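*Asks:* sequence unknown, structure follows:
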Ligand SMILES: [Zn+2]
């Protein structure tokens with residue numbers, strides 16, 4: 001299903017929501033990319049020969065990566081980063097998303113590119129703090145996940161984990177993630193990084209089972225102590241693993257449009273979400289890279305209803321479960337829980 005052809009019902013639009021898997025650097029809308037392109041006087045034609053498109057689209061992972069890295073190259077200063085945080089917050093607020101756990105890749109901002117020097121740890125931290133304060137003004141609470149990009153930062157690098165231990169991290173930092181391209185970059189060698197992160201009070205939320213199979217999810221659980229799994233859709237290949245995930249109540253952060261566009265599945269109708277729900281796995285819906293995938297959380301919920309048969313009662317239950325699986329402050333969780341307690345599904349048989 002094409003995103004633009006799905007209708008978001010008033011019930012979905014009004015539902016108070018939580019998003020646990022959204023990348024800051026993947027959230028840039030065309031308007032934000034345009035603004036930053038202008039701000040820095042950059043020529044977009046090497047990536048888009050006809051100029052910036054009205055809507056991002058791509059053909060396979062290499063084309064996606066090419067555009068994604070163009071976007072990353074626009075984030076040169078703390079002001080750029082704060083702009084992107086606020087733009088994401090405005091979008092989340094318009095969808096009634098109350099809390100988002102936003103993943104950001106410190107490593108890519110610390111590196112210089114070409115003749116440019118990377119951001120300092122304090123500039124990065126101050127930008128995220130400023131953006132998070134502005135998000136609060138829009139009615140959106142944010143927590144941060146900082147991830148290791150497994151295809152860029154090799155296990156012998158300690159840039160990210162040293163930073164997490166440095167004390168120069170943003171307010172609201174809750175977890176360490178493991179992102180990037182999974183094939184050829186196994187989780188196991190990052191076990192020490194995650195042990196060190198847990199030692200400074202951070203949770204473990206690696207991506208696994210997206211482009212790699214069930215063994216990758218098992219490694220994320222056993223080697224990295226994963227408390228939630230980013231994607232995880234391929235866990236179904238191993239029933240024993242599914243039993244472990246159910247038993248340990250590990251939340252799977254499912255991102256249907258991302259899986260469709262990055263060709264993890266052939267058609268949205270083939271998505272594993274209904275089978276994951278039937279297997280008793282904890283699941284919640286997310287956007288992954290809403291800017292590049294031209295989606296948002298409302299659209300993901302609408303697609304799941306239209307193409308995968310998810311009911312309003314199930315959406316409500318998933319939001320409640322996402323609140324519990326989040327690492328938000330108790331007061332934030334309580335406020336969203338109480339809002340959700342007043343929501344009545346219109347498709348309920350009761
Ligand atoms: Zn992701």
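*Replies:* Received it, and whenever you're ready, just let me know what you need. Please read these numbers as outputs of a predicted model, since none were measured by experiment.

*Asks:* Every contact and neighbour count from this point should use C-alpha atoms.
*Replies:* Will do.

*Asks:* what about the chain, any weak spots by pLDDT?
*Replies:* 1-4, 112-115, 348-350 (pLDDT under 70).

*Asks:* Tell me the spatial nearest neighbour of residue 107, not counting adjacent residues.
*Replies:* Of all residues not flanking residue 107 in the chain, residue 160 sits nearest, at 6.0 Å (CA to CA, 6 or more residues apart in numbering).

*Asks:* wait, that neighbour sits on residue 108?
*Replies:* No. Counting by CA atoms under 8 Å, residue 108 is not a contact partner of residue 160; they are 9.8 Å apart.

*Asks:* show me the contacts for the residue nearest to residue 107.
*Replies:* The contact partners of residue 160, taken as CA atoms under 8 Å, 6 or more residues apart in numbering, are 106, 107, 147, 148.

*Asks:* Could you rerun that using 10 Å?
*Replies:* 105-108, 110, 146-149, 153, 166, 176, 193, 197 (CA atoms under 10 Å, 6 or more residues apart in numbering).

*Asks:* Quick check: the gap between residue 35 and residue 42.
*Replies:* Separation of residue 35 from residue 42 (CA to CA, to the nearest Å) stands at 11 Å.

*Asks:* which neighbours do residue 160 and residue 108 share?
*Replies:* Residues touching both residue 160 and residue 108 (CA under 10 Å, 6+ apart) are 148, 149, 153.

*Asks:* In PyMOL, select just the buried ones from the residues you listed.
*Replies:* If you want just the buried ones from the shared contacts of residue 160 and residue 108 in PyMOL, going by 16 or more other CA atoms under 10 Å, the selection is:
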select buried, resi 148+149
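
*Asks:* Could you export the shared contacts of residue 160 and residue 108 as a markdown table, including distance to residue 288 and secondary structure?
*Replies:* Converted to a markdown table, the shared contacts of residue 160 and residue 108 look like this (distance: CA to CA, whole Å; DSSP: H, G, I helix; E, B strand; the rest coil):
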| residue | distance to residue 288 | secondary structure |
| --- | --- | --- |
| 148 | 16 | strand |
| 149 | 14 | strand |
| 153 | 20 | coil |
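
*Asks:* Out of the shared contacts of residue 160 and residue 108, the closest to residue 116 would be?
*Replies:* Using CA to CA, the shortest approach to residue 116 within those belongs to residue 153, at 19.2 Å.

*Asks:* what secondary structure does the spatially closest residue to the closest one that is not a sequence neighbour sit in?
*Replies:* Spatial nearest neighbour of residue 153, chain neighbours left out: residue 107 (7.6 Å); criterion: CA to CA, 6+ apart. Of the three states, residue 107 takes helix under DSSP: H, G, I helix; E, B strand; the rest coil.

*Asks:* and the gap between residue 107 and residue 154?
*Replies:* Going from residue 107 to residue 154 by CA to CA gives 11 Å.

*Asks:* same check, this time on residue 250
*Replies:* Distance of residue 250 to residue 154, given as CA to CA: 26 Å.

*Asks:* Equivalent analysis for residue 240, please.
*Replies:* Counting by CA to CA, the gap from residue 240 to residue 154 is 30 Å.
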